[in-house]
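**Q** predicted model follows, preceded by the sequence.
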Amino acid sequence: MTPLTEPQIRAAFVNCTKGEAKRLHVPRDLGTRPWDDLDFLGWRDPQALDRAYLVAVVDGRPTGLALRRPSPGPGQQRRNMCSVCLTNPAGGVSLMVARKAGKAGQQGNSVGVYLCDDLACSLYLRGRKDAGPGARLPESLTLDEKIERTRSHLTAFITRVTT
Ligand SMILES: [Zn+2]
């Protein structure tokens, strides 16, 4: 994806208030991120472990989502596979919940997705980050096809948040 600046990232958020977008944690190392190998930029807030963020380009526009990671309740089934990149990373996957954009969000509606806990889907997919033994099932798809699939899963999730 095209490298983004901090102001572009802050302006991209669609499911939080302007004040929240201004205050939320944005990584300091944007200049050294492997943008060419990213389908989306995802990060966690090191000060607040239940918060995560992602920014992807949808229809040519950077679109950012603020996510919450509710701690799994007792007896809640744990999932292993990321529903975006279909990796089963050693670091685990988490249910991440996005408040819907606009009025639906103000009324308390949200959408959840299982994502790699470190939001490194793009790097696992390309083998740039080791996801651990057996993390990815063998597939006959090419890398480009897997990237295409990952992007479409992510876009589908973002669309559920914004519509
Ligand atoms: Zn993933």
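**A** Great, that's in hand. Small disclaimer: the values here were computed from a predicted structure and weren't measured. Residues are numbered from 1 along each chain as shown.
**Q** what residue lies at the spatial centre of this structure?
**A** Residue closest to the mean C-alpha point of the chain, counted by CA atoms, centre = their mean, is Leu54 at 4.5 Å.
**Q** excluding its backbone neighbours, what's nearest that residue?
**A** The shortest distance from Leu54 to any non-neighbouring residue, by CB to CB, 6 or more residues apart in numbering, is to Gly42 (4.2 Å). Bear in mind the C-beta positions are built from the backbone N, C-alpha and C, glycine included.
**Q** same for the helix or strand where that neighbour lies, what does it pack against?
**A** Taking DSSP states H and E as the criterion, the element that holds Gly42 is strand 41-45. With contacts taken as 3 or more CB pairs under 8 Å, 6 or more residues apart in numbering; DSSP states H and E, strand 41-45 sits against strand 48-58.
**Q** which outside residues touch the strand it packs on?
**A** Under the criterion CB atoms under 8 Å, 6 or more residues apart in numbering, residues 1-2, 4, 9, 12-13, 24-26, 39-45, 62-71, 94, 96, 115, 119, 151, 154-155, 158-159 lie in contact with strand 48-58.
**Q** which residues of this structure lie near the ion?
**A** Cys82, Val84, Cys85, Thr87, Cys116, Cys121 (CB under 5 Å from the ion).
**Q** closest to Leu30 out of those residues?
**A** Minimum separation from Leu30 among those (CB to CB) is found for Cys121, which lies at 18.3 Å.
**Q** give me the pLDDT for the closest one.
**A** pLDDT for Cys121: 98.
**Q** for it, which non-adjacent residue is closest in space?
**A** Cys85 (3.6 Å).
**Q** secondary structure class for the one you found?
**A** coil (DSSP: H, G, I helix; E, B strand; the rest coil).
**Q** residues near it, how many?
**A** 28 (other CB atoms under 10 Å).
**Q** do I have it right that it meets Tyr124?
**A** Yes: Cys85 is within contact range of Tyr124, at 5.9 Å (criterion: CB atoms under 8 Å).
**Q** tell me, what's touching these two both at once?
**A** With CB under 8 Å, 6+ apart, Cys85 and Tyr124 have common neighbours Cys116.
**Q** which residues of this protein fall in strands?
**A** For the chain, strands defined by DSSP state E occupy the ranges 41-45, 48-58, 61-68, 93-99, 110-116.
**Q** redo those strands as TSV? Include mean pLDDT.
**A** Putting the strands of the chain into TSV (pLDDT from 0 to 100) gives the following:
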stretch	mean pLDDT
strand 41-45	97
strand 48-58	95
strand 61-68	97
strand 93-99	96
strand 110-116	96
